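S.K.: Sequence and predicted structure below; questions after.
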Amino acid sequence: MANRTPSSDKGSDDGRADHLERIAHRKAAVIGYSRARKHEKLSIYCPCKTDLCKCSGWKTECGTSGKRRSQVSDPCRTCNHAMSDHLADICSASEPAINKLMEVVVDIENLFLCINKEEDVDTKQTYWFLFKHLKKSVSNQRSSSSIVDRFGEPPFQLPVISKAVSDFVNLKFDEKSKERKVMLDMAKIFFYCLNHWKVESPNFRRKSSLLDDVTNYRLNYNRWLCFCHVPVFCHSLPFWETGNVFGASFLRSIFPVMRRQLLEKFRTEKKEMGPETRALVLANLPKFLALLEEDLYDTESAVWKTERTATSPSDKQPVGRSSTAARAKTRRHQAIREQKADLLENLERADEPEAKKVRLDVDEGVDEEIRELIREQKRGSLLGTGGSARDATANEEKRRGIIEYHVIGNSPEGKPSRAVILWLLGLHTVFAHQLPRMPQDYITRLVFDPKHKTLALIKENKVVGGICFRLFPSQGFSEIVFCAVSSNEQVKGYGTALMNHLKVYHIHQGIYYFLTFADEFAVGYFKKQGFSTTISLPRPTYNGYIKEYEGATMMECQLNPRVPYTHLSSVIRAQKAVLAAFIERKRANLRKVHPGLSAFKEGPRQLAYSEIPGLKEAGWKEGEDVEEPVVNQEQLYSQLRAVWQQVKSHHAAWPFQKAVETSQAPDYLDVIKFPIDLKAIGDKLKQRQYVSKHLFVADLSRMFTNCRIYNEPSTEYYQCANVLEKYFFSRMKEAGLIDRI
């Protein structure tokens, strides 16, 4: 069943109305048949009731068709039994019952035409099932229980879409607000479109790279055909509106496509709307769909909390060993869901309270200044920080339609389209060329494995890059297997754009973890994309599910459903621009050079903050002085000297005993502008220059910092600085000079 495009909706509606009208005329015509003609028509679908006869329906004798009207006594061409043996109880049925069966016959004929015209395998199988079901209902006059036995009884999930969306509007908008009335109108439009929506078949979805959970989607699709679509033109079947049958899982599976096509439909048909309607819909429908999408994928939303999920009898677990395994699987899935909920809760806690804390700590004047910079940026008067976002080129090319993203994969059920096969071959070529260490047969096996999927970057109908991955929904993570972009396309940010689109894809699937094994050349790329070598997932969650590679580093990435990954680079760049402009404004006030302090010419003494030139210009305010308690200078000297002696005698203090000799490090004074060592600190102690413990701590900290600036982390000097610094602060804490390390 091909999916209709928005531009053809009006034509489809008109064609559907004409088709239904023809069906109604056809039913009226057959009801007007004579009794004998009705018997002849019904006998075709009635198997012979004679014992041991297997004839499926009465057939006229050769050469008699059209010459005369058949009689109930005429023999069947196949079994030679009379028509009355086929009709059985129908001959004695009342006229209304016969007319009802004749309407069923018209529905059977329409279904037969649909089967012959239909090219999609899944749709044809469901049509064939309904065709056989209606044939049996003619001969046995049975109810529609066989459909319920196979697909379950509506509604299939609670709350249903119609109730949940209504509750969403009522909870989201105040009852007295005008916006609530507008959003209720948008909800009515959404319900109408949903109930008339032609759902894509599983095969079509697989070709368009939008389907992952094949089993559940196929079940919901077959339910939609049997209860919502086919009953529109086959009145013998019970009819349900889509919004009153399905719940959140079904809406999530169709919402991305439905939202995009709805917006395209109303944009293309805006000229046919009245001015008021056009303004109302185009201004409010995108907002309504965006808010609904956010709530639909929010795991904490009270609107979509499932009360009951209906299951078909085939879903029931048999008793015995298999039921025990099912319970174990259920417990494992529950643990995964709880882990996802904890992650979302932690992410939310990490977002909201910290943001509030920052806002509380910012001075009102500073906050207003930042807001002004943001307004300047929106007006375009605030320049960026230089350069552009890594994926800016890719995003612009996508906007112009130069490149496209498709999630594709091989399928054991049904033949993939020619385009998908060519793209898979192109991906194999890109991976094999860019990953020469990987065996080509291994790349072939994974790219064409139905369990693996690939996010392909298509440019001018050719593959220029892709990320091959495998979803593990039951474990709550996805493994990234291959990631590569053609060498001649690697300077346009395609790698970053691919990863960002993959993150958005997984968030829509409810998966918030990536795992991968990166070689030495790929570690840098994955770090830029938010991956870390710290693995937070419990090892039993992924152990045995993913393949480990020798010489590769295992990395993990946690996804935040609140982050707009496809626009993240531009958002961060805008934030950097605002911050850089703010710093530049503040720096202009700090560039003024003030004369040095003359208060120490007569010897060391305590100095008030207000006596320091330039401090007020830097933002200090009167009354912010922190008055320290009066300290006995002799007692302070004894405590600091004891600590200094302990530090000086430590085994890691040998590099700091005296000043660095320039003969051993000629460029030392070029790098370090303010050198200090333990001997110089001891001399300042003797001269009683440390009138405060903070001055002593500042000199020691500067000594350690100088060492780490000049020396590499792998050197012995660098390690000595870390060890001695830790020891110094522990001595200060023991002496009661600091509260904590």
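M.R.: Received it, and whenever you're ready, just let me know what you need. Numbers count the residues shown, from 1 in each chain.
S.K.: in the strand or helix carrying residue 468, what counts as buried?
M.R.: Take DSSP states H and E as the rule and residue 468 turns out to sit in strand 462-472. Neighbour counts using 16 or more other CB atoms under 10 Å place 463-472 of strand 462-472 among the buried residues. Placement of C-beta: from N, CA and C, glycine included.
S.K.: Now render those as a markdown table, adding pLDDT.
M.R.: What follows is those, written out as a markdown table (pLDDT from 0 to 100):
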| residue | pLDDT |
| --- | --- |
| 463 | 93 |
| 464 | 93 |
| 465 | 94 |
| 466 | 95 |
| 467 | 95 |
| 468 | 95 |
| 469 | 94 |
| 470 | 93 |
| 471 | 92 |
| 472 | 91 |
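S.K.: Between which two of the residues you listed is the distance greatest?
M.R.: Checking these against each other with CB to CB, the farthest-apart pair comes out as 464 and 472, at 27.9 Å.
S.K.: For residue 370, which non-adjacent residue is closest in space?
M.R.: Taking CB to CB, 6 or more residues apart in numbering, and ignoring the residues beside it in sequence, residue 370 has residue 582 as its nearest neighbour in space, at 6.0 Å.
S.K.: Just the pLDDT for the one you found.
M.R.: Here the pLDDT value assigned to residue 582 is 78.
S.K.: The one 3 residues further on now?
M.R.: The confidence metric pLDDT takes the value 75 at residue 585.
S.K.: what does residue 32 give?
M.R.: 80.
S.K.: same check, this time on residue 441
M.R.: pLDDT for residue 441: 90.
S.K.: related to what we said a few turns ago, show me what the strand holding residue 468 packs onto, helices and strands only.
M.R.: In terms of contacts (3 or more CB pairs under 8 Å, 6 or more residues apart in numbering; DSSP states H and E), strand 462-472 is packed against helix 418-434, strand 453-459, strand 477-485, helix 494-508.
S.K.: what angle do the second one and strand 477-485 make?
M.R.: To tie it back to what came earlier, the one meant is strand 453-459. 30 degrees (axes from the mean of the first three to the mean of the last three CA atoms, to 10 degrees).
S.K.: Show me what strand 453-459 is packed against.
M.R.: On the basis of 3+ CB pairs under 8 Å, 6+ apart, strand 453-459 makes packing contacts with strand 403-408, helix 418-434, strand 462-472, helix 494-508.
S.K.: in its sheet, what does it sit against?
M.R.: Sheet partners assigned to strand 453-459 using DSSP bridges are listed as strand 403-408 (antiparallel), strand 462-472 (antiparallel).
S.K.: Can you tell me what sits against it?
M.R.: Contact with strand 453-459 is made by 209, 212, 397, 402-409, 423-424, 426-427, 447, 463-471, 482, 485, 489, 494, 497-498, 501-502, 505, as judged by CB atoms under 8 Å, 6 or more residues apart in numbering.
S.K.: What is the burial count for the residue found closest to residue 739 once you drop the neighbours it is linked to in the chain?
M.R.: For residue 739, the nearest residue in space outside its immediate sequence neighbours is residue 733; the separation is 7.6 Å by CB to CB, 6+ apart. The number of residues packed around residue 733, counting by other CB atoms under 10 Å, is 13.
S.K.: tell me which element residue 733 falls in.
M.R.: helix 716-734.
S.K.: Check what pLDDT the residue nearest to residue 228 when sequence neighbours are not counted gets.
M.R.: In this structure, residue 228 finds its nearest non-sequential neighbour in residue 242, 4.9 Å apart by CB to CB, 6+ apart. According to the model's per-residue confidence, residue 242 sits at a pLDDT of 89.
S.K.: which residues in this structure form strands?
M.R.: 157-158, 308-309, 403-408, 453-459, 462-472, 477-485, 513-518, 553-558 (DSSP state E).
S.K.: which stretch among those strands comes nearest residue 643?
M.R.: strand 553-558 (42.1 Å).
S.K.: for the record, mean pLDDT for that closest one?
M.R.: When pLDDT is averaged over strand 553-558, the result is 93.
S.K.: can you check stretch 192-204 too?
M.R.: With pLDDT averaged residue by residue, stretch 192-204 scores 84.
S.K.: End to end on stretch 30-41, go ahead and measure it.
M.R.: 9 Å (CA to CA, to the nearest Å).
S.K.: Mind listing what's buried along it?
M.R.: For stretch 30-41, a neighbour-count test (16+ other CB under 10 Å) marks 30-31, 38-41 as buried.
S.K.: And the furthest pair within those residues?
M.R.: Longest distance between any two of the buried residues of stretch 30-41 is 14.8 Å, between 31 and 40; criterion CB to CB.
S.K.: Neighbours of residue 584, how many?
M.R.: Residue 584 is flanked by 9 other residues according to other CB under 10 Å.
S.K.: how near is it to residue 262?
M.R.: 45 Å (CB to CB, to the nearest Å).
S.K.: picking that back up, residue 195 is in contact with the residue nearest to residue 228, correct?
M.R.: Yes. Counting by CB atoms under 8 Å, a contact exists between residue 242 and residue 195, whose distance comes to 5.1 Å.
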